[in-house]
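**Q** Here you go, sequence then predicted model.
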Amino acid sequence: MMSQSQLATFGGGCFWCIDAAFRRVKGVTQVTSGYSGGSTLNPTYKEICSGASGHAEVVQLAFDPDVVSFEKLLEMFFTLHDPTQLNRQGNDIGTQYRSVIFYHSDEQLQLAQAYITKLQPQLQDAIVTELSEIETFYDAEQYHQNYFDENPNQGYCSIMIAPKVAKFEQRFSAYLE
């Protein structure tokens, strides 16, 4: 009997980086960059960047739990960003870049809490990753989807994303397409 596809929604800075990495993972059947956690209906990228909408840049993954577990996705997520930086990742500053897991079930919440508890002693600073139940998810504009693979020579992609993806591919090679 085949398992049903599940969803996971993660925010850890610029969604282009997270999107690029998860597109390579076996068992992840769809990756959508988008926005979650704010109050504005159908927000635009410009509204997200202003910080006024309250949304975070996130990626929503559809995945087959028989191929890749939510726990493994958590491990990958926490290697793709610094969960100790509040409302920022590097030079990207603002609540839209916050570290956040929008959980889709009580099981995901419990697994995320357990993973953070396990990870915390390995880090010098406190983990500030927000855990919030998913309420709404809005797809980002089309040009944000698969941005890294569509724009590999763009400055931010070649300087910031390419090294992060290379490191991710090396660490998780057994889990990649």
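**A** Here it is on my side, so go on.
**Q** When you work out contacts or count neighbours from here on, use the C-alpha atoms and nothing else.
**A** Fine.
**Q** which helix in the chain runs the most residues?
**A** If you go by DSSP state H, the chain has its longest helix at helix 106-119.
**Q** same for that one, what does it pack against?
**A** helix 70-79 (3 or more Cα pairs under 8 Å, 6 or more residues apart in numbering; DSSP states H and E).
**Q** quick one: contacts of the helix it packs on?
**A** Applying Cα atoms under 8 Å, 6 or more residues apart in numbering, the contact partners of helix 70-79 are 8, 10, 12, 18, 108, 111, 112, 115, 168, 172.
**Q** tally of neighbours for the third one?
**A** This means residue 12. 28 (other Cα atoms under 10 Å).
**Q** re the thing from before, by contact count, what packs against the helix or strand following the longest helix of the chain?
**A** Using DSSP states H and E, the next helix or strand after helix 106-119 towards the C-terminus is strand 130-133. For strand 130-133, the packing partners by 3+ Cα pairs under 8 Å, 6+ apart come out as strand 99-103.
**Q** Each with direction, which strands does the strand it packs on pair with?
**A** With DSSP bridges as the test, strand 99-103 is paired with strand 6-12 (antiparallel), strand 130-133 (parallel).
**Q** which other residues reach the helix or strand following the longest one?
**A** Reading on from strand 6-12 to the C-terminus, the next helix or strand found by DSSP H and E is helix 15-22. Residues lying outside helix 15-22 but in contact with it, judged by Cα under 8 Å, 6+ apart, are 11-12, 28, 31-34, 57-59, 61, 77, 80, 144-149, 161, 164-165, 168-169.
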